[in-house]
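Asker: Show me how the following folds:
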Amino acid sequence: MGATFFVQPLDLVKNRMQLSGEGARTREYKTSFHAVGSILKQEGIGGIYTGLSAGLLRQATYTTTRLGIYTILFEKFTKPDGTVPNFFMKALIGMTAGAIGAFVGTPAEVALIRMTADGRLPADQRRGYKNVFNALIRIAREEGVPTMWRGCVPTMARAVVVNAAQLASYSQSKQFLLESGYFQDNILCHFCASMISGLVTTAASMPVDIAKTRIQNMRMIDGKPEYRNGLDVLLKVTRHEGFFSLWKGFTPYYARLGPHTVLTFIFLEQMNKFYKKYFL
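Answerer: Numbering: from 1, shown residues only. As a prediction, this is how the structure comes out:
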């Protein structure tokens, strides 16, 4: 949640760019910088933090569940003699924890997508959620409780891809940097490994992420949903907006993923030290 305070504007820009080009509003934003400029001009400085409450709740549900389950499973598969699980088992544990965490965090994710997308809509079409709790209550009341888990499958698929790619690339990047002789096992090394990992993870997960974003933001048209499923989103985006539109919002997504990973673990390590010192 601490990390989210720093990267929420990037999440907002990424979501807006992924929705740009949908329907009649073609090529709404040319680049990430154009998106930031447009948001600041039209919505003010507070506009770039739209949906912060949803972003915080998403971390409180998704990331807490993911890290908690990963730790529990990691300890369960660690042998009595202290031998830790091998690389592939770590990846499998990460994928499992990510999928479960994504299911728990989907309602907050739906609220986040809708709140960050609201500013790009005409005034008469905006949902106008006051905060994440207002959003969840209204979604449940106006569209039914199952709507809070709309896009759950692509959200879980994204979490599986992200966790698998992140674990593999972070581990290999860190090992490569340490073996190069130019780095020691410190925050600088962790930061560089996270940024390399973020590049790989972003490239691998963005098509799944754009499917998730559009499904969670879609409206009903003549009683029918805009998209049938994640595959339908990918086919329509490729057909109408071009193949490389599947990586729309790449820059803010990448800029968010690396620092968010670093900040999350820096905060986590400090909190662990505090917990051990004052509670254990």
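
Asker: hang on, isn't Leu178 packed against Cys189?
Answerer: Yes. Contact criterion Cβ atoms under 8 Å: Leu178 and Cys189 qualify, at 6.7 Å. From N, CA and C alone the C-beta is placed, and that goes for glycine too.

Asker: These two: who's more crowded?
Answerer: Taking other Cβ atoms under 10 Å, Leu178 and Cys189 do not tie; Cys189 has more neighbours (17 against 14).

Asker: Which of the helices or strands spans that one?
Answerer: helix 187-217 (DSSP states H and E).

Asker: Name the strands paired with the helix or strand following that helix and say parallel or antiparallel.
Answerer: Later in the chain than helix 187-217, the nearest helix or strand by DSSP H and E is strand 220-221. Each strand paired with strand 220-221, and its direction, by DSSP bridges: strand 224-225 (antiparallel).

Asker: In terms of secondary structure, what does the helix or strand that the partner strand is followed by contact?
Answerer: Past strand 224-225, further along toward the C-terminus, the next helix or strand under DSSP H and E is helix 230-241. In terms of contacts (3 or more Cβ pairs under 8 Å, 6 or more residues apart in numbering; DSSP states H and E), helix 230-241 is packed against helix 152-180, helix 187-217.

Asker: Repeat the analysis, applying 6 Å as the threshold.
Answerer: Judged by 3 or more Cβ pairs under 6 Å, 6 or more residues apart in numbering; DSSP states H and E, the packing partners of helix 230-241 are helix 187-217.

Asker: and the helix it packs on, what other elements does it pack with?
Answerer: Helix 187-217 packs on helix 2-19, helix 87-117, helix 152-180, helix 230-241, helix 250-278, going by 3+ Cβ pairs under 6 Å, 6+ apart.

Asker: so what does the second one touch, helix or strand wise?
Answerer: If contacts are counted by 3+ Cβ pairs under 6 Å, 6+ apart, helix 87-117 sits against helix 2-19, helix 52-58, helix 64-77, helix 132-143, helix 152-180, helix 187-217.

Asker: The last one now?
Answerer: When contacts are defined as 3+ Cβ pairs under 6 Å, 6+ apart, helix 250-278 sits against helix 2-19, helix 187-217.

Asker: Switch those over to TSV; also include distance to Leu121.
Answerer: As requested, the helices and strands packed on helix 250-278 are arranged in TSV below (distance: least, Cβ to Cβ, whole Å):
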stretch	distance to Leu121
helix 2-19	10
helix 187-217	10
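
Asker: List the contacts of the nearest residue to Leu10 once chain neighbours are set aside.
Answerer: Excluding the flanking residues, the one nearest Leu10 by Cβ to Cβ, 6 or more residues apart in numbering is Arg256, at 3.8 Å. Shown in contact with Arg256 (Cβ atoms under 6 Å, 6 or more residues apart in numbering): Val7, Leu10, Asp11.

Asker: For the second one, give me its contacts.
Answerer: So the one you mean is Leu10. Pro252, Ala255, Arg256.

Asker: nearest to Ile196, of the residues you listed?
Answerer: Nearest to Ile196 among the contacts of Leu10 is Ala255, at 13.9 Å by Cβ to Cβ.

Asker: how about the nearest residue to the closest one, chain neighbours excluded?
Answerer: Ala255 sits nearest to Leu10 (Cβ to Cβ, 6+ apart), 5.3 Å away.

Asker: Look at that neighbour and report its pLDDT.
Answerer: For Leu10, the model assigns a pLDDT of 84.

Asker: mind checking how far it is from Ala211?
Answerer: Distance of Leu10 to Ala211, computed by Cβ to Cβ, to the nearest Å: 20 Å.
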